[in-house]
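Colleague: Fold the following for me, if possible:
(one chain, ligands or ions: 1)
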Amino acid sequence: MNNPCQPITTKTWKRVSFARDCTGYVDDLEELGDICSICTLIYFDDCQCPGPTEDGMEYKTFKGVLMARPDPTMTETVNNEQITNE
Ligand SMILES: [Zn+2]
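Modeller: Numbers count the residues shown, from 1 in each chain. Predicted coordinates for the structure are as follows:
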């Protein structure tokens with residue numbers, strides 16, 4: 001047996017963007033910001049970040065940060081680069 005941890009790909013993991021974390025206000029009347037805090041694009045429009053509940057996505061928390069990637073059981077394009085997780 002080698003590494004007990006499952007290989008984790010970092011290249012395909014993307015930080016999940018939560019609506020509640022959005023910053024900035026295109027419309028001052030909106031209670032929540034609508035600028036993605038990660039990519040700084042408009043959350044519901046141009047933002048390409050994964051959301052917290054998308055079909056076909058796999059979710060994992062790294063150091064308290066929720067990340068997402070296409071579910072490897074649904075895609076063949078997962079590489080096996082590992083991250084070091086102290
Ligand atoms: Zn984004």
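Colleague: ok, residue 63 to residue 21 distance?
Modeller: In this structure, residue 63 and residue 21 are 16 Å apart, going by CB to CB, to the nearest Å. In this view, the C-beta of every residue, glycine as well, is placed from N, C-alpha and C.
Colleague: more crowded one of those two?
Modeller: residue 21 (14 against 7; other CB atoms under 10 Å).
Colleague: Go ahead and confirm the more buried one touches residue 39.
Modeller: No - taking contacts as CB atoms under 8 Å, residue 21 lies outside contact range of residue 39: 11.7 Å.
Colleague: tell me which parts of this protein are close to the ion?
Modeller: 17, 36, 38-39, 47, 49 (CB under 5 Å from the ion).
Colleague: residues near the closest residue to residue 52 other than its chain neighbours, how many?
Modeller: Nearest residue to residue 52, sequence neighbours excluded (CB to CB, 6 or more residues apart in numbering): residue 16, at 5.3 Å. When neighbours are counted by other CB under 10 Å, residue 16 registers 21.
Colleague: And residue 14, by the same measure?
Modeller: Residues within reach of residue 14, counting by other CB under 10 Å, total 16.
Colleague: Residue 24 too?
Modeller: Counted with other CB under 10 Å, residue 24 comes out at 12.
Colleague: What's the per-residue pLDDT of it here?
Modeller: Per-residue confidence (pLDDT) for residue 24: 74.
Colleague: so who does it touch?
Modeller: Going by CB atoms under 8 Å, 6 or more residues apart in numbering, residue 24 touches 33-35.
Colleague: Any chance of CSV for these, columns pLDDT?
Modeller: Output for the contacts of residue 24, formatted as CSV (pLDDT from 0 to 100):
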residue, pLDDT
33, 79
34, 85
35, 89
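Colleague: What's the ChimeraX syntax to select whichever of those residues are buried?
Modeller: To isolate the buried subset of these in ChimeraX, counting by 16 or more other CB atoms under 10 Å, use the following:
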select :33,34,35
